[in-house]
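**Q** Build me a model from this:
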Amino acid sequence: MRASLVRVLPDTYLARRLALQSVLFKTGDGTFTTGSAVFFTQVVGLSIAQVGLGLTLAGVASGVAAIPAGRLVDRIGPKRTWSIGALLCGLMFVAWPFIGGFAAYAVMVSIYEVVENTANAGQQAYVLDVLPAKERVRTQAYLYSAMNTGSTIGALIGGIALAFNDLTVMRWIPLLTVALFGINAYFVTRLPKAPRDLRTREEARVRPPGPSAVRNRAYLALQFCMGTLWTNQTLLSVLIPLWLVEETDSPHWLLAWLFGTNTVLCIVLPQFTSVGVRTIGDALGRLRWSAGFFVVSCLITMVTHSTAGLITALLVWLGHLTVTGAELATGSAGWAFQSQLQDPRRRGEYGSVGGLFNGLGNRWAPALYTWLAMEWRHVGWMLIGLIVVLAAAGAHPAARAAQRFADREFPEDEMPPASSPPASSPGAGGAGGGMPGATPGMPTPQLS
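**A** I've put the predicted structure just below:
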């Protein structure tokens, strides 16, 4: 039993601190996100169209700020940017109960998106900077598991708040997120400094050497392809549930089983599915697996329109299971690309710009995929699968070109990782009082 537990927990004390912080962050995030639709429509008084428009404006603002935000991370250091951003995100939730009307909502959500994405760029740069290369993929797999754990806890808390069916409770639920985000920000400040946080003021004022991330067109193309491969999230959370409700005879309660299965697998399996991903070739192999799982999911799900009863329920579940396999494979590949294809001197910039192109690769998916599947049925599902196969195919030459760019332009990533004190060291722990502590991760598709 003890040996099994050790296998599930992160290997190092620093990785455990990062994992605990991830759980904390995503718990606060999930607490608000679970009831955000009710909060914005019934408390703030917005229409669904206004909520969508506000998120679109926030996406535009975040895109415009992506390059300056990334360069800020590289100038002042990843941990400093991350901790300041985490604190500002928490403080902004103080204002949510007092927001009224579309204009105030649009301004707040836009500012929040910019701040959160800047903090995410700092967090990603910190994880890559503070860990030795051989630990990065495995540690990020643990962090992905931790994020799913935190999101589940947050969803349970948010669900309890919704169960009161009281708008006063929903109005003040953001204050719980404020508290959790405040503790999270303190945890971040207690993490050891990354090498790029240890530079002198004079060094920090100097613009990082090397070409800008926007000149690495192969990496940007790869991130666009990765964004399209991440449309497995559209299948998981939008298309398959909608298909189940509208086009099959399966009971609606099956949705809870589908989401529960996905959550459990994404908590338990990432650290196992990431094993063996060491090179760009290994990562590209995972992309082939991802595309294969995605296509199988499309083929299985599309036939459920013509089946009935238990067979339909089993096939829908199997379709959801295979697209979860696509999610896990895509994550393993993406962590390797981040570790090996970003300039270590410009990780903040690469994180922000890469995130922008990743978003461009999937923001269109909910509308397009829903239209194709609902209007063109079998042909639509096959076209959806073809889109992802083309994205996986395009990622191969893009990754190889990005690797050649890295070999030509990047220095050896020889900076020593930040020291990780032993668990028994006094004062080494975060806010957990010596408990192993924690990180979030990839930018969530919804408002967080």
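
**Q** for this protein, what are the low-confidence residue spans?
**A** For the chain, applying pLDDT under 70 flags the ranges 1-9, 199-206, 413-448.

**Q** okay, now the domains of it?
**A** Domain assignment of the chain by automatic domain parsing yields the ranges 14-191, 216-411.

**Q** Compute the first-to-last residue distance for the first one.
**A** The reference is to domain 14-191. Domain 14-191 has an end-to-end distance of 8 Å (criterion: C-alpha to C-alpha, to the nearest Å).

**Q** follow-up on the earlier one: as JSON lines, the domains of the chain with distance to P208 and mean neighbour count would be great.
**A** Where C-beta positions appear, they are placed from N, C-alpha and C, glycine not excepted. Putting the domains of the chain into JSON lines (distance: least, C-beta to C-beta, whole Å; neighbours: other C-beta atoms under 10 Å) gives the following:
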{"stretch": "domain 14-191", "distance to P208": "5", "mean neighbour count": "21"}
{"stretch": "domain 216-411", "distance to P208": "4", "mean neighbour count": "20"}
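
**Q** what would those look like in a markdown table with distance to L198?
**A** What follows is these, written out as a markdown table (distance: least, C-beta to C-beta, whole Å):
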| stretch | distance to L198 |
| --- | --- |
| domain 14-191 | 8 |
| domain 216-411 | 14 |
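
**Q** among those domains, which is nearest P209?
**A** Nearest to P209, of all these, is domain 216-411, at 6.1 Å by C-beta to C-beta.

**Q** how far does the closest one stretch from start to finish?
**A** Terminal residues of domain 216-411 lie 15 Å apart, using C-alpha to C-alpha.

**Q** Also stretch 154-171?
**A** Stretch 154-171: ends 17 Å apart by C-alpha to C-alpha.

**Q** S47 reaches L53, doesn't it?
**A** No: applying C-beta atoms under 8 Å as the test, S47 and L53 come out as separate, 9.2 Å apart.

**Q** Relative to R207, which of the domains of the chain is closest?
**A** Among these, domain 14-191 comes nearest to R207, with 7.7 Å by C-beta to C-beta.

**Q** ok now stretch 186-202, how far from the chain's centre?
**A** Averaging C-alpha positions (C-alpha atoms, centre = their mean, to the nearest Å) puts stretch 186-202 23 Å from its chain's average.

**Q** still on that earlier bit, between S47 and L53, what contacts are shared?
**A** Here S47 and L53 share no contacting residue, scored by C-beta atoms under 8 Å, 6 or more residues apart in numbering.

**Q** Tell me which other helices or strands the helix or strand that contains L57 touches.
**A** Using DSSP states H and E, L57 sits in helix 48-76. Here helix 48-76 touches helix 102-130, helix 201-205, helix 347-360, going by 3 or more C-beta pairs under 8 Å, 6 or more residues apart in numbering; DSSP states H and E.

**Q** Select, out of those helices, the one closest to W243.
**A** If we rank the helices and strands packed on helix 48-76 by C-beta to C-beta, the stretch that ends up nearest is helix 347-360, at 24.4 Å.

**Q** Packing partners of the closest one?
**A** Applying 3+ C-beta pairs under 8 Å, 6+ apart, one finds that helix 347-360 makes contact with helix 48-76, helix 78-92, helix 102-130, helix 217-229.

**Q** Please name every helix or strand in contact with the third one.
**A** So the one you mean is helix 102-130. So helix 102-130, by 3+ C-beta pairs under 8 Å, 6+ apart, packs with helix 48-76, helix 78-92, helix 133-163, helix 309-341, helix 347-360.

**Q** could you dump those helices to a markdown table with distance to I99?
**A** A markdown table is the format used below for the helices and strands packed on helix 102-130 (distance: least, C-beta to C-beta, whole Å):
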| stretch | distance to I99 |
| --- | --- |
| helix 48-76 | 11 |
| helix 78-92 | 10 |
| helix 133-163 | 18 |
| helix 309-341 | 33 |
| helix 347-360 | 25 |
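
**Q** and of those, who's closest to M382?
**A** Proximity to M382, assessed across the helices and strands packed on helix 102-130 by C-beta to C-beta, is greatest for helix 309-341 (14.1 Å).

**Q** what's the angle between that closest one and helix 347-360?
**A** With axes from the mean of the first three to the mean of the last three C-alpha atoms, to 10 degrees applied, the angle from helix 309-341 to helix 347-360 works out at 150 degrees.

**Q** got the angle between the longest helix that the chain contains and helix 217-229?
**A** Ordering each helix of the chain by length in residues (DSSP state H) puts helix 365-409 first. Orientation check (the same axes, to 10 degrees): helix 365-409 against helix 217-229 gives 150 degrees.

**Q** Could you name the helices and strands sitting against helix 365-409?
**A** Under the contact definition 3+ C-beta pairs under 8 Å, 6+ apart, helix 365-409 sits against helix 217-229, helix 232-234, helix 240-247, helix 280-303, helix 309-341.

**Q** State the phi and psi torsions of G45.
**A** phi 90, psi 30 (degrees, to the nearest 10).

**Q** Would you agree it is in contact with Y105?
**A** No: the criterion here is C-beta under 8 Å, and G45 misses it with Y105 at 9.3 Å.

**Q** tell me the contacts of N148?
**A** K26, T263, C266, I267.

**Q** Distance to V245 and secondary structure for those residues - can I get that in TSV?
**A** Shown next, in TSV, are the contacts of N148 (distance: C-beta to C-beta, whole Å; DSSP: H, G, I helix; E, B strand; the rest coil):
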residue	distance to V245	secondary structure
K26	27	helix
T263	20	helix
C266	23	helix
I267	26	helix
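
**Q** for those residues, which one is nearest F39?
**A** Of these, the one sitting nearest to F39 (C-beta to C-beta) turns out to be K26, at 18.0 Å.
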